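Asker: For reference, the sequence and a predicted model appear below.
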Amino acid sequence: MSEEGGMTKKRSEDFSNWYLEVVRKGGFMDQRTPIKGFDVITPWGYSIWEIIQKEFDAMIKQKGVQNAYFPLFIPESLIKKEEEHFAGFRAEVARVTDVGGEKLADPLIVRPTSEMIMYYMYKLWIRSYKDLPLKINQWNNIVRIDTKVTKPFIRGREFLWQEGHTAHATKADAEEFLHKIIGLYSNMYELFAIEGLKLVRPQHDTFPGAGYTVVFDTLVQDGKVVQGPGSHFLAQKFSKALDVSFTDEKEQKQHVWQTCWGMTTRQIGILLMHHGDDKGAVLPPGVAPVQVVIIPILFKGKEEIVLEKAREIAKKLKARVYVDERNHTAGFKFNEWELKGVPLRIEIGPKDIEAGHITVVRRDTREKIQVKTVTDVEKMLEKMQHDMLEKSRTFLKENIRDAKSKQEAISAMAKGGFVRINWCGSAECDKSLKKETGGEIRGTLWGKKEHAAGSCICCGSPAKHVAYAARAY
Ligand SMILES: [Zn+2]
């Protein structure tokens, strides 16, 4: 799935084409499809998604969430029942207007998200407080025909995700559960070895129909921000629109309180843009489909003994390991696994066997280290995971800049990263900031109240929030 030859683009010179090259040469995605924005996630890219699925699925099941599957199509008449929700997607939805040549009286919408179809069923399923909480997730695909330029994994027209949707008897129960989910996404971010900024989105920019939205905004190496997983407190917006209700313990009718939360295949793009280097992808061990690749260095007459040793080490390792016995040169293999971002590479030749050591190369630092046992190799994986997360934390810390005026915001924004400002909370000021700096207000810190002192850097009226602004994908 990957091409011969290494990287030709550099991050510092052409980040955009560097990224495209990483995606292509690492074998993460193939965009040469006949439909723009509908791409093929190739096996190496898909295997990362499978690990993300496996890890997150186990976490949500521990919290009592069950998986289910709902229809791909939503009748337009149904999706229109919540006007604000539909308005948020109207420009991006694909409509099926005829079937078998017959015009449909009620066109079908290809799901841009599943609230309406799921809650239609929730209304049928929920009768009493005894049916609550209801916690369902689905792993599926969605379609949003974005008109902007597409970018592999980051901005596509069809993507894979999980969408969790819960219904609760009380506001407190719904919010408490949502906080647990945000905690699970934090756990995922540890596996990604990424420090994301957890932000509450400005009210004027929340998920259509939501009470509030918490997202993991992630800085990538060109200083722009990519939105990661989003968690939405929906309050009773949908339950009132669709009359999803229950009778409480006092026989009173109540509307349910809801949450929804999602993480998409965009996460793969975030990983590549955040950790990659000029040699290709760098995957954190936590989500690398192959954590250790073993490359036998074969010399005439010593082939068997080398292969035997390679297989023996593979067998002993608890990590996800692959012995590359393909009929290619060692140099070709080094290059290919480097492009793919495999965390550790073990090279085994007759000399290593004689010396009784294992030669390991770390993908992130490219250090060559000799160790004695497979336990040492496993420790290196842990160390690498830890180091990559620390590096990410430092990167974030170094890229949050304070701006006390619009002028300061303009120069801070030019450096990339987050710009921290005092903000009055108005959408107009966000708009003018965007016009003048190219960056938008991404939100306020989640779970930590920052006290705003002074005045809004845009309009001069008293500041209500400490907000984080950035240029975003
Ligand atoms: Zn203002």
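Answerer: Structure's in. What do you need? Numbering: from 1, shown residues only.

Asker: Dead centre of the protein: give me the residue that sits there.
Answerer: Note on the chain: the residue nearest the mean C-alpha position is Gln267, at 2.6 Å, using CA atoms, centre = their mean.

Asker: where does that one fall, helix, sheet strand or coil?
Answerer: Of the three states, Gln267 takes helix according to DSSP: H, G, I helix; E, B strand; the rest coil.

Asker: and it, what does it touch?
Answerer: 52, 153, 192, 228-229 (CB atoms under 8 Å, 6 or more residues apart in numbering). To be clear about C-beta, it is placed using only N, CA and C from the backbone, and glycine gets the same treatment.

Asker: Then Glu249?
Answerer: Contacts were defined as CB under 8 Å, 6+ apart; by that measure Glu249 touches Tyr129.

Asker: Close to the ion: what parts of the chain are there?
Answerer: For the chain, the residues in contact with the ion (CB under 5 Å from the ion) are 424, 429, 456, 458-459.

Asker: Wait, a helix at Gly443?
Answerer: No. Per three-state DSSP, Gly443 lies outside any helix segment and is strand.

Asker: Would you mind listing the buried residues in the strand or helix carrying Ile410?
Answerer: The secondary structure element spanning Ile410 is helix 406-414 (assigned by DSSP states H and E). For helix 406-414, a neighbour-count test (16 or more other CB atoms under 10 Å) marks 406, 409-410, 412-413 as buried.

Asker: Nearest residue to the closest residue to the ion within the stretch 251-400 of the chain in space, please, no chain neighbours.
Answerer: With CB to the ion, the shortest gap between the stretch 251-400 of the chain and the ion falls at Ile400, namely 20.5 Å. Once flanking residues are discounted, Ile400 sits nearest to Phe418: 4.6 Å by CB to CB, 6 or more residues apart in numbering.

Asker: contacting residues around the one you found?
Answerer: With contact set as CB under 8 Å, 6+ apart, Phe418 has these partners: 197, 217, 219, 225, 399-401, 442, 468-470.

Asker: try it again with 6 Å
Answerer: The neighbourhood of Phe418, defined by CB atoms under 6 Å, 6 or more residues apart in numbering, consists of 400, 468, 470.

Asker: Can you add neighbour count and secondary structure and give those residues back as a markdown table?
Answerer: Compiled in a markdown table, these are given as follows (neighbours: other CB atoms under 10 Å; DSSP: H, G, I helix; E, B strand; the rest coil):
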| residue | neighbour count | secondary structure |
| --- | --- | --- |
| Ile400 | 15 | strand |
| Tyr468 | 23 | strand |
| Ala470 | 25 | strand |
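
Asker: nearest to Phe38, of the buried residues of helix 406-414?
Answerer: When these are ranked by distance to Phe38 (CB to CB), Met413 comes first, at 33.4 Å.

Asker: gap between the closest one and Ser16?
Answerer: Counting by CB to CB, to the nearest Å, the gap from Met413 to Ser16 is 19 Å.

Asker: if we can go back for a sec, among the residues of the chain next to the ion, which ones are buried?
Answerer: 424, 429, 456, 458.

Asker: Wait, the first one touches Ser461, no?
Answerer: Yes. In this structure, Cys424 sits in contact with Ser461. The criterion is CB atoms under 6 Å, and the distance is 4.9 Å.

Asker: can I get the CA coordinates of stretch 130-150 in PDB?
Answerer: Output for stretch 130-150, consisting of C-alpha atoms alone and laid out as PDB, is shown next (Å, rounded to 0.1, in the frame of the first residue of the first chain):
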ATOM      1  CA  LYS A 130     -37.800   2.600  35.100                       C
ATOM      2  CA  ASP A 131     -36.600   2.700  31.400                       C
ATOM      3  CA  LEU A 132     -34.000   5.300  32.300                       C
ATOM      4  CA  PRO A 133     -31.200   6.000  31.800                       C
ATOM      5  CA  LEU A 134     -31.000   4.700  28.200                       C
ATOM      6  CA  LYS A 135     -27.500   4.700  26.900                       C
ATOM      7  CA  ILE A 136     -26.900   3.700  23.300                       C
ATOM      8  CA  ASN A 137     -24.000   4.200  21.000                       C
ATOM      9  CA  GLN A 138     -23.600   3.400  17.300                       C
ATOM     10  CA  TRP A 139     -20.500   2.900  15.200                       C
ATOM     11  CA  ASN A 140     -21.500   4.000  11.800                       C
ATOM     12  CA  ASN A 141     -20.800   6.300   8.800                       C
ATOM     13  CA  ILE A 142     -22.300   9.800   8.200                       C
ATOM     14  CA  VAL A 143     -22.400  12.000   5.100                       C
ATOM     15  CA  ARG A 144     -21.900  15.800   5.100                       C
ATOM     16  CA  ILE A 145     -21.200  17.200   1.700                       C
ATOM     17  CA  ASP A 146     -18.900  20.000   2.800                       C
ATOM     18  CA  THR A 147     -18.200  22.400   0.000                       C
ATOM     19  CA  LYS A 148     -14.800  23.500   1.300                       C
ATOM     20  CA  VAL A 149     -11.600  21.800   0.000                       C
ATOM     21  CA  THR A 150     -11.400  18.300   1.300                       C
END
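
Asker: For that stretch, which outside residues touch it?
Answerer: Outside stretch 130-150, the residues touching it (CB under 6 Å, 6+ apart) are 37, 60, 64-69, 92, 94, 110-113, 155-158, 160, 162-169.

Asker: Please identify the buried residues of it?
Answerer: Of the residues in stretch 130-150, those with enough neighbours to count as buried (16+ other CB under 10 Å) are 132-138, 142-145, 150.

Asker: Out of these, the closest to the ion would be?
Answerer: Minimum separation from the ion among these (CB to the ion) is found for Arg144, which lies at 31.1 Å.

Asker: Which pLDDT value goes with that closest one?
Answerer: In this model, Arg144 is scored at 94, pLDDT.

Asker: same check, this time on the one 3 residues further on
Answerer: According to the prediction, Thr147 has pLDDT 79.

Asker: How about Ala314?
Answerer: Per-residue confidence for Ala314 comes out at a pLDDT of 98.

Asker: same check, this time on the one 5 residues further on
Answerer: In this model, Ala319 is scored at 97, pLDDT.

Asker: which residue packs closest to Phe73, ignoring adjacent ones?
Answerer: In space, not counting the residues next to it along the chain, Phe73 is nearest to Leu108; the distance is 4.0 Å by CB to CB, 6+ apart.

Asker: What residues of the strand or helix carrying that neighbour count as buried?
Answerer: For Leu108, the element it lies in under DSSP H and E is strand 102-110. Of the residues in strand 102-110, those buried under the neighbour-count criterion (16+ other CB under 10 Å) are 107-110.

Asker: hmm, who's touching the helix or strand hosting Glu308?
Answerer: Element membership for Glu308, per DSSP H and E: helix 303-316. In this structure, residues lying in contact with helix 303-316 by CB under 6 Å, 6+ apart are 294, 296, 298, 321, 323, 348, 353, 374.

Asker: The residues you listed in helices, which ones?
Answerer: If you go by DSSP state H, the contacts of helix 303-316 have 353, 374 in helices.
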